[in-house]
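*Asks:* Dropping the sequence and predicted coords here.
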Amino acid sequence: MSKGKVLVAMSGGIDSTVVALMLHHQGYEVIGITMKTWDYATSNASSKETGCCNIDSFNDARAAAVQHGFPHFILDIREEFGDFVIENFVEEYLAGRTPNPCVMCNTHIKWRALLKRANALGCEFIATGHYANVYQAENGRYVMSKGLDETKDQSYVLWGLDQELLSRTIMPLGKYRKTEIRQMAHDFGYPELAKKSESYEICFVPDNDYRGFLKKRIPTLETDVTGGWFIDKTGKKLGQHKGYPFYTIGQRKGLDIALGKPAYVTNIDPETNTVTLGEEDDLRKTDMVVARPNWIKYAPPENGFEVTTKIRYKDSGALSRLFVQEDGSVKIEFYDAVKSIAPGQSAVFYEGDEVIGGGIIQRGWLAE
């Protein structure tokens, strides 16, 4: 008997391929779908297509489906992706913030596109190759937790998935380590997948040169923002910079200014085109405000609830307390000051391994 009909997002890489084959062998009725989210022609990038959006990846995903006898489709969502994810990426940098396009894509584009097609195809579930877990808690809510392999855990970039999406989502890889998935690829007869390189870059900025990407998207950008000032925390001018969108909070390298001591970007003001430089201690902050929260485990938790808050993907997290404000935003008070809180990045709140919720960092306050 079939365990149900599931739409599996297949990029052509090892993780999503193993998920599709795993569920197929477990008795699910699998339909594979590969989403084309972008290409260099529309994003003005200069390199060859790599990662999940090239023709080889599409062919690899289709070949696995054909060999195992389940349907596979290619879905072109370039327009949806570009209109939201890429435009948001550009707008955030122009606003002096540091965006996380993977969070935006997962939250607003990929899962919604999957759910729409799952409904059209009569699929009960959506499955992906992310390293995280989803299950229904005793309070009836659907909860996401960290993957077993903490070196691969992707719960941080999935905080935006709401209850409707989580209730339909299967993430089989959350219970495995990457080494086990590589062995499964061998066992399924795909040893070449275990050797396939993985991309950790933004898909539409494969050379990691976001500054070059911004310049190509907005040809007048460099002339519009050049000539602004580096200043210190007292407002004293230290020298001219190349334009505020080309800097991020915490940046030390590539400032091209000699002050006789290490300098870090501590603030970015797009209205005045100024970039504040300071010492490492000037990056340490004890409080921050997080906007547009999505609550997962609780709806929402009580004020003063103790959580571990991560402010970036590779962050180990810091103990803090959470307070929901009248406008719906969240104030986080850290027990110990944390470094390089960057507006525009995501903050994700954990209770143990379980995701309480998350949101977009609005601002932080200096430690006293």
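*Replies:* Nice, thanks for sending it over.

*Asks:* Please name the nearest non-neighbouring residue to Lys110.
*Replies:* Met35 (6.6 Å; Cβ to Cβ, 6 or more residues apart in numbering). Using the backbone N, CA and C atoms, a C-beta is placed for each residue, glycine as well.

*Asks:* Could you verify that that neighbour is part of a helix?
*Replies:* No - the assignment for Met35 is strand, going by DSSP: H, G, I helix; E, B strand; the rest coil, so no helix is present there.

*Asks:* low-confidence ranges in the stretch 51-200 of the chain?
*Replies:* Residue ranges of the stretch 51-200 of the chain with pLDDT under 70: 51-54, 197-200.

*Asks:* Show the backbone phi and psi for Val205.
*Replies:* phi -130, psi 60 (degrees, to the nearest 10).

*Asks:* need the contact list for Pro191.
*Replies:* Remark: with contacts taken as Cβ atoms under 8 Å, 6 or more residues apart in numbering, Pro191 is in contact with Ala185.

*Asks:* I misspoke; the intended subject was Asp15.
*Replies:* Applying Cβ under 8 Å, 6+ apart, the residues near Asp15 are 129-131, 173, 181.

*Asks:* Give me the distance between it and Ala342.
*Replies:* Taken as Cβ to Cβ, to the nearest Å, the spacing of Asp15 relative to Ala342 amounts to 28 Å.

*Asks:* follow-up on the earlier one: my guess is the residue nearest to Lys110 contacts Asn106. True?
*Replies:* No - with the criterion set as Cβ atoms under 8 Å, Met35 and Asn106 do not qualify as a contacting pair; they are 11.7 Å apart.

*Asks:* quick one, which of the two is more surrounded?
*Replies:* With neighbours defined as other Cβ atoms under 10 Å, Met35 and Asn106 compare such that Met35 has more, 25 against 22.

*Asks:* hey, where'd the helices end up in this protein?
*Replies:* With DSSP state H as the criterion, the chain has helices at 14-26, 40-43, 55-68, 78-81, 87-94, 101-104, 111-120, 163-167, 178-187, 191-195, 210-217, 221-225.

*Asks:* picking that back up, for PyMOL, write the selection for the buried entries among the contacts of Asp15.
*Replies:* The following PyMOL command selects only the buried members of the contacts of Asp15, with burial defined by 16 or more other Cβ atoms under 10 Å:
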select buried, resi 129+130+131+173+181
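
*Asks:* will you turn the contacts of Asp15 into a markdown table that also has distance to Asp256?
*Replies:* Rendered in a markdown table, the data for the contacts of Asp15 read as follows (distance: Cβ to Cβ, whole Å):
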| residue | distance to Asp256 |
| --- | --- |
| Gly129 | 40 |
| His130 | 39 |
| Tyr131 | 38 |
| Leu173 | 43 |
| Ile181 | 43 |
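
*Asks:* So which of the contacts of Asp15 is the closest to Tyr350?
*Replies:* For the contacts of Asp15, the residue nearest Tyr350 by Cβ to Cβ is Tyr131; the value is 15.1 Å.

*Asks:* Look up the closest residue to that closest one, ignoring the ones flanking it.
*Replies:* In space, and not counting its chain neighbours, Tyr131 is closest to Gly147: 3.4 Å by Cβ to Cβ, 6+ apart.

*Asks:* Burial check on that neighbour, number of neighbours?
*Replies:* Neighbour count for Gly147, taken as other Cβ under 10 Å: 23.

*Asks:* surely it meets Val134?
*Replies:* No - taking contacts as Cβ under 8 Å, Gly147 lies outside contact range of Val134: 10.9 Å.

*Asks:* tell me, what's touching these two both at once?
*Replies:* The overlap between the contact sets of Gly147 and Val134 (Cβ under 8 Å, 6+ apart) consists of 171, 174.

*Asks:* Next, count neighbours for the residue nearest to Phe125 when sequence neighbours are not counted.
*Replies:* Ranked by Cβ to Cβ, 6+ apart and with sequence neighbours excluded, the top spatial neighbour of Phe125 is Val6, at 4.2 Å. For Val6, the number of neighbouring residues by other Cβ under 10 Å comes to 26.

*Asks:* Specify the beta-bridge partners of Val6.
*Replies:* Val30, Phe125 (DSSP bridges).

*Asks:* Having no further points to raise, I will conclude here.
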